[in-house]
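[1] this one's structure only:
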């Protein structure tokens, strides 16, 4: 009986993992821990070279998805990604997607608003 349960569990796992899509899920299919924001409607500072992104938070790890790339937005998020084998890219000053600050030569636009949006998602109750 245990082997039958194990076989059924493995079959379900294989089916669940076989979707293979890298596109962002449709709004109705997005997990509760993610939101889609756009450059035109976001109230905070826009710090990334994209018109839209998904911001999410899992176990206090804040991330954003741009296209098929997921970026960790904090040191904790990077460690979480590494420990979970998620392969999120760290958002560093060398990242081409992070926009330069036009007011301070050599600096990047502050991503604090985006990180706070992610933290707010973590605080929401399901």
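    Here it is on my side, so go on. In this text the structure is predicted, and so the values were computed from the model without any measurement. Residues are numbered from 1 along each chain as shown.

[2] distance of residue 120 relative to residue 109?
    Applying CB to CB, to the nearest Å, the value for residue 120 to residue 109 is 19 Å. No exception for glycine: its C-beta is placed from N, CA and C like everyone else's.

[3] who has more neighbours, the two?
    More crowded of residue 120 and residue 109, by other CB atoms under 10 Å: residue 109, with 18 against 13.

[4] that one contacts residue 45, correct?
    Yes: Residue 109 is within contact range of residue 45, at 5.8 Å (criterion: CB atoms under 8 Å).

[5] and the helices in the protein?
    2-17, 75-84, 112-123 (DSSP state H).

[6] out of those helices, which gets the lowest mean score?
    Here the lowest mean pLDDT among the helices of the chain goes to helix 2-17, at a mean of 37.

[7] measure how buried the closest residue to residue 70 other than its chain neighbours is and give me the count.
    Residue nearest to residue 70 in three dimensions, not counting chain neighbours: residue 88, with 4.6 Å by CB to CB, 6 or more residues apart in numbering. Residue 88: 20 surrounding residues under other CB under 10 Å.

[8] kindly report the same for residue 61.
    Other residues close to residue 61 by other CB under 10 Å number 22.

[9] and residue 34, by the same measure?
    Number of residues near residue 34 (other CB under 10 Å) recorded here: 18.

[10] so who does it touch?
    Neighbouring residues of residue 34 by CB atoms under 8 Å, 6 or more residues apart in numbering: 54, 55, 56, 65, 121.

[11] bridge partners for it, pull those for me.
    Beta-bridge pairing for residue 34 (DSSP bridges): residue 56.

[12] my read: residue 88 touches residue 65, true?
    No: counting by CB under 8 Å, residue 88 stays clear of residue 65, with 9.2 Å between them.

[13] common neighbours of these two, please.
    residue 71.

[14] ok, and the closest non-adjacent residue to residue 74?
    Leaving aside its sequence neighbours, residue 74 sits nearest to residue 62 (CB to CB, 6+ apart; 5.6 Å).

[15] and the one you found, how far from residue 117?
    8 Å.

[16] more neighbours: which of these two?
    residue 62 (25 against 20).
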